[in-house]
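Undergrad: A predicted structure for the sequence below; I have some questions about it.
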Amino acid sequence: MIEVDDLVQAAARDAARWDRDGLPDEMIELAARNGLLGADRPACFGGAELDARELGRLAATLGHACTSLRSLVTVHGMVAAAVDRWGTAAQREAWLPRLTGGEVIAALAATEAGAGTELSAVATAFEPEGTDILVSGTKLWVTFGQRADVYLVLGRAPGGLCAALVDRDRPGVGVEPAESGLGLRGARLATVRFDRVRIPATQLIAPPGFGLSHVLGTALDHGRYTVAWGGVGLARACLGDAAAHAATRVQGGAALAEHQLIRATLGRCWADVEGAQALCERAADARITGSPQALIFTIAAKYAAAGVAAAVSERAVQVLGAAGCAPDSRIGRFYRDAKVMQIIEGAQEVAEVAMGEHVMRGARS
């Protein structure tokens with residue numbers, strides 16, 4: 001059973017503080033108790049078994065409240081999805097109940113100084129040694145890396161790119177809080193260093209050569225999908241706040257909403273949000289039916305929703321004026337978060353190339 005009311009109420013009260021200090025452990029524990037960390041995993045592993053539309057609407061609800069809270073569900077779900085899809089039966093039995101119940105908090109460790117958009121350029125090394133693997137490398141901008149108990153790490157082995165689960169408490173793992181960036185300041189980002197960290201080879205998820213194309217591919221697809229719906233929730237929150245301000249703020253003897261320019265701005269925002277949600281709904285339909293179009297529809301939904309979140313939050317800041325720029329402004333926080341959403345899980349430009357290739361395949365056929 002998924003319950004979000006307590007989390008949403010806490011976000012309404014404390015999200016500005018979380019943006020300064022990070023999402024606290026008690027909120028992560030509450031999310032686990034309320035079923036959010038196993039939202040779309042199978043019931044046999046303790047999950048709530050939500051379908052794609054239900055998962056999307058959950059992400060939109062959380063995105064409406066707090067992007068960092070939605071990011072927890074996204075990144076934890078990315079790791080769980082990868083293990084569920086590509087793990088062996090033994091790996092699924094060992095890890096999924098702990099992930100869905102929140103006994104173990106997971107983070108994705110993929111980005112490096114020389115490998116952001118181009119993850120195939122990762123330098124982290126997986127060195128076989130007997131029945132073990134030695135992991136060495138540095139990962140940047142690991143969402144909830146400060147809190148995670150286990151990392152799904154992308155690295156390079158003699159047989160190709162690999163993905164493996166690396167426990168935080170193993171000797172050689174070092175975690176450093178990352179300085180607050182533009183957005184997602186509550187997501188407890190970290191730099192994670194692996195210095196010849198020894199793990200059993202049984203913690204490899206899929207064989208060498210499948211780490212990026214399959215394991216990380218599944219994780220990133222899951223991430224794009226929940227980021228897309230989260231972006232719709234964020235944009236809808238910004239539109240609501242802008243409309244409420246316009247209805248009550250008097251300027252020049254009339255409410256802002258009486259000015260044609262403001263009404264046009266709000267109308268444009270509404271159309272953009274509805275369009276982004278329609279693309280998210282189409283992606284949900286494709287995922288539920290198992291359509292081969294599901295991947296590209298998800299890319300399109302994330303591209304549109306991230307762009308709409310950025311545009312609507314910017315316009316909302318403009319409507320609110322100085323109030324939108326205040327230190328604890330929800331609109332200001334969403335404005336910063338939305339820009340990050342245009343970069344994570346595939347930058348806008350990468351999505352445009354993928355969509356263009358989709359168009360050309362259709363033209364050739």
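TA: Yep, that arrived. Keep in mind that this is a model prediction, so the values were computed, not measured.
Undergrad: use CA for all of it now, contacts and neighbours both
TA: Noted.
Undergrad: Residue 259 versus the residue of the chain most remote from its centre, what's the distance?
TA: Relative to the centre of the chain, the most outlying C-alpha is that of residue 253, 43.7 Å out, by C-alpha atoms, centre = their mean. Distance, residue 253 to residue 259, by C-alpha to C-alpha, to the nearest Å: 11 Å.
Undergrad: Show me the shaky parts of the protein.
TA: Along the chain, no part satisfies pLDDT under 70.
Undergrad: Now do the end-to-end distance for stretch 29-44.
TA: End-to-end for stretch 29-44, by C-alpha to C-alpha: 21 Å.
Undergrad: In this protein, what residue spans correspond to strands?
TA: In the chain, the strands defined using DSSP state E lie at 106-109, 125-129, 132-142, 150-157, 160-167, 173-177, 190-200, 250-251, 254-255.
Undergrad: Quick one, which of the ones you listed gets closest to residue 237.
TA: Proximity to residue 237, assessed across the strands of the chain by C-alpha to C-alpha, is greatest for strand 254-255 (20.6 Å).
Undergrad: Can you list the strands that the closest one pairs with?
TA: In the sheet, strand 254-255 lines up against strand 250-251 (antiparallel) (DSSP bridges).
Undergrad: The partner strand: how far from the chain's middle?
TA: The chain centroid and the centroid of strand 250-251 are separated by 39 Å, computed with C-alpha atoms, centre = their mean, to the nearest Å.
Undergrad: What does the residue farthest from the centre of the chain show for phi and psi?
TA: phi 80, psi 0 (degrees, to the nearest 10).
Undergrad: Then residue 181?
TA: Main-chain dihedrals, residue 181, degrees, to the nearest 10: phi -100, psi -160.
Undergrad: give me the number of residues near it?
TA: Using other C-alpha atoms under 10 Å, the number of residues around residue 181 comes to 13.
Undergrad: what's the spacing between it and residue 251?
TA: Distance from residue 181 to residue 251, by C-alpha to C-alpha: 35 Å.
Undergrad: So what's the residue count around residue 131?
TA: 9.
Undergrad: what's the neighbour count on residue 251?
TA: For residue 251, the neighbour count with other C-alpha under 10 Å is 12.
Undergrad: Quick check: it vs residue 47, distance?
TA: As judged by C-alpha to C-alpha, residue 251 and residue 47 stand 51 Å apart.
Undergrad: likewise residue 365?
TA: Distance from residue 365 to residue 47, by C-alpha to C-alpha: 41 Å.
Undergrad: And the two? Which one has more around it.
TA: More crowded of residue 365 and residue 47, by other C-alpha under 10 Å: residue 47, with 22 against 5.
Undergrad: right, and the more buried one touches residue 32 too?
TA: No. Residue 47 lies out of contact with residue 32 (C-alpha atoms under 8 Å); the separation is 10.7 Å.
Undergrad: quick one, helices of the stretch 151-300 of the chain?
TA: Counting by DSSP state H, counting those that start in this stretch, one finds helices in the stretch 151-300 of the chain at the ranges 217-248, 260-289, 294-320.
Undergrad: need those in TSV with distance to residue 165 and mean neighbour count, can you?
TA: As requested, those are exported to TSV (distance: least, C-alpha to C-alpha, whole Å; neighbours: other C-alpha atoms under 10 Å):
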stretch	distance to residue 165	mean neighbour count
helix 217-248	13	25
helix 260-289	26	18
helix 294-320	25	25
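Undergrad: out of the ones you listed, nearest to residue 28?
TA: helix 217-248 (17.6 Å).
Undergrad: With that, I have no additional questions.
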